[in-house]
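1. all I have is the shape, not the residue letters:
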């Protein structure tokens, strides 16, 4: 039984899902993968089911109806995994913007150095982003700086979505009180973990924008992240995150 679960949310990722799952299966560590698919009309779920026949003990599929958001996909994945014996829970995109090989580095940083939250960071050593227009690089970088300042959180890449959480972190967070479903979810999870006193470390990774499929970024997601930070700060002041 593996102690590491990689959660990959999907919606219309038929161009990427088989390749990325095969890559994770080829890694030197024994990772299990849970694909959380929001009823992709392009057949992403069917591709996963076919691969399950080849890797029945390592690949799992959680099917949901309709697009319910990134945050709820991860929360449902966490709930699924907490019922098993996993100790390390990973968030990773399906589109190769996160290099699957870096899963091994995240895993060993957490396990060998006893770190509760390990973040694959684009900004801990300069700006490590490939194939983004400069406008998006600047937006992402300064958004992370904005979050860091408002929340006083010692994390350079606050919006990062390539993360390893130890089981005890997820057990300490009340998922019913998580408010955000878009990219603000990533900020909220890191902030709650920080406020609860868990150790956090960033390790440098190179983020490469997708070459296949369609980006899920939208103005509503950006708006949620910007204003969500102020809501998080206010919640923390009023009642904390117990």
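-> Yep, it's here. Given the structure is predicted, the values throughout are model-derived calculations rather than measurements.
2. for the spatially most central residue of the chain, which non-adjacent residue is spatially closest?
-> Against the mean C-alpha coordinate of the chain, by C-alpha atoms, centre = their mean, the closest residue is residue 91 at 3.1 Å. Sequence neighbours aside, residue 163 is the residue nearest to residue 91 in space, at 4.7 Å (criterion: C-beta to C-beta, 6 or more residues apart in numbering). C-betas here are computed from N, CA, C, even on glycine.
3. the one you found - how many residues pack around it?
-> For residue 163, the neighbour count with other C-beta atoms under 10 Å is 26.
4. beta partners for it?
-> Applying DSSP bridges to residue 163 gives these bridge partners: residue 91, residue 119.
5. how about low-confidence regions in this structure?
-> Flagging of the chain using pLDDT under 70 yields the residue ranges 126-133, 135-137, 210-226, 239-242.
6. would you map the helices across the protein?
-> 17-25, 44-54, 70-82, 102-113, 134-151, 167-172, 184-195, 219-238 (DSSP state H).
7. was I right to think the residue nearest to the centre of the chain contacts residue 161?
-> Yes - assessed by C-beta atoms under 8 Å, residue 91 is found in contact with residue 161 at 5.7 Å.
8. what about the nearest residue to residue 196 once chain neighbours are set aside, how many residues nearby?
-> Spatially, and ignoring its direct neighbours in sequence, residue 196 is nearest to residue 172 (5.6 Å; C-beta to C-beta, 6+ apart). If you count neighbours by other C-beta under 10 Å, residue 172 ends up with 16.
9. pretty sure residue 172 is touching residue 194, no?
-> No - in this structure, residue 172 is not within contact of residue 194 by C-beta under 8 Å, at 11.9 Å.
10. got the contact list for residue 107?
-> Going by C-beta atoms under 8 Å, 6 or more residues apart in numbering, residue 107 touches 4, 29, 31, 88, 90, 164.
11. among those residues, which ones are buried?
-> 4, 31, 88, 90, 164 (16 or more other C-beta atoms under 10 Å).
12. which two in the residues you listed are spaced the farthest apart?
-> Maximum pairwise distance among those (C-beta to C-beta): 11.0 Å, between 31 and 164.
13. which neighbours do those two share?
-> Common neighbours of residue 31 and residue 164 (C-beta under 8 Å, 6+ apart) are 90, 107.
14. returning to what we had before: figure out which of the helices of the chain is closest to residue 208.
-> helix 102-113 (11.2 Å).
15. list the buried residues of that closest one.
-> Result for helix 102-113 [16+ other C-beta under 10 Å]: buried residues 102-103, 105-107, 109-111.
16. from the buried ones among the contacts of residue 107, which is closest to residue 64?
-> residue 90 (19.3 Å).
17. residue contacts, the closest one?
-> Contacts of residue 90 (C-beta under 8 Å, 6+ apart): 4-7, 31, 103, 106-107, 162-165.
18. do that again at 7 Å, thanks
-> Contacts for residue 90 (C-beta atoms under 7 Å, 6 or more residues apart in numbering) come out as 4-7, 103, 106, 163-164.
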